[in-house]
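Engineer: Please work out how this folds:
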Amino acid sequence: QVQLVESGGGLVQAGGSLRLSCTASGRPIKNYANGWFRQAPGKEREFVAAITRSGDYTFYADSVKGRFTISKDNAKNTFYLQMNGLRPEDTAIYYCVGNDVPITTDLWDYWGQGTQVAVSP
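Structural biologist: Presented below is the predicted three-dimensional model:
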């Protein structure tokens, strides 16, 4: 059984940076795609970023393109979301996810518990 555990969330001022980590157990992350979703208060969950199992290809929502970077370290069985230039509208609970293939809908097989990111003006 795959388990995903996020860390790295917190409170940051606008323009600041955070790096989220997602450590997996139960299945090597090199064998499946990895990604991040987020859900802001009162809004639907939305796709943020994804990376293929090989790490050769990445995908981003338009709202974060150029500011966020997804990456993976197979040796540590951990993947990351580096978030730069944070804005108040990035405030949300961030979930790491896993699936055989990267998709932009929320039909991923594996989900973490979520970590809160809050960006103050």
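
Engineer: Who's the closest spatial neighbour of the residue nearest the centre of the chain, skipping the chain neighbours?
Structural biologist: In the chain, the residue lying closest to the centroid (CA atoms, centre = their mean) is Trp36, at 2.7 Å. Closest residue to Trp36 apart from its sequence neighbours, by CB to CB, 6 or more residues apart in numbering: Val48 at 4.3 Å. Placement of C-beta: from N, CA and C, glycine included.

Engineer: Touching, the one you found and Arg67? I think so.
Structural biologist: No: taking contacts as CB atoms under 8 Å, Val48 lies outside contact range of Arg67: 10.6 Å.

Engineer: For the residue nearest to the centre of the chain, pull up the helix or strand it's in.
Structural biologist: Assessed by DSSP states H and E, Trp36 sits inside strand 33-39.

Engineer: which residues in this structure form strands?
Structural biologist: Secondary structure of the chain, counting by DSSP state E: strands at 3-7, 10-13, 18-25, 33-39, 46-51, 58-60, 68-73, 78-83, 92-99, 110-111, 115-120.

Engineer: since we're on Ile70, how many residues are nearby?
Structural biologist: By the criterion of other CB atoms under 10 Å, Ile70 has 24 neighbours.
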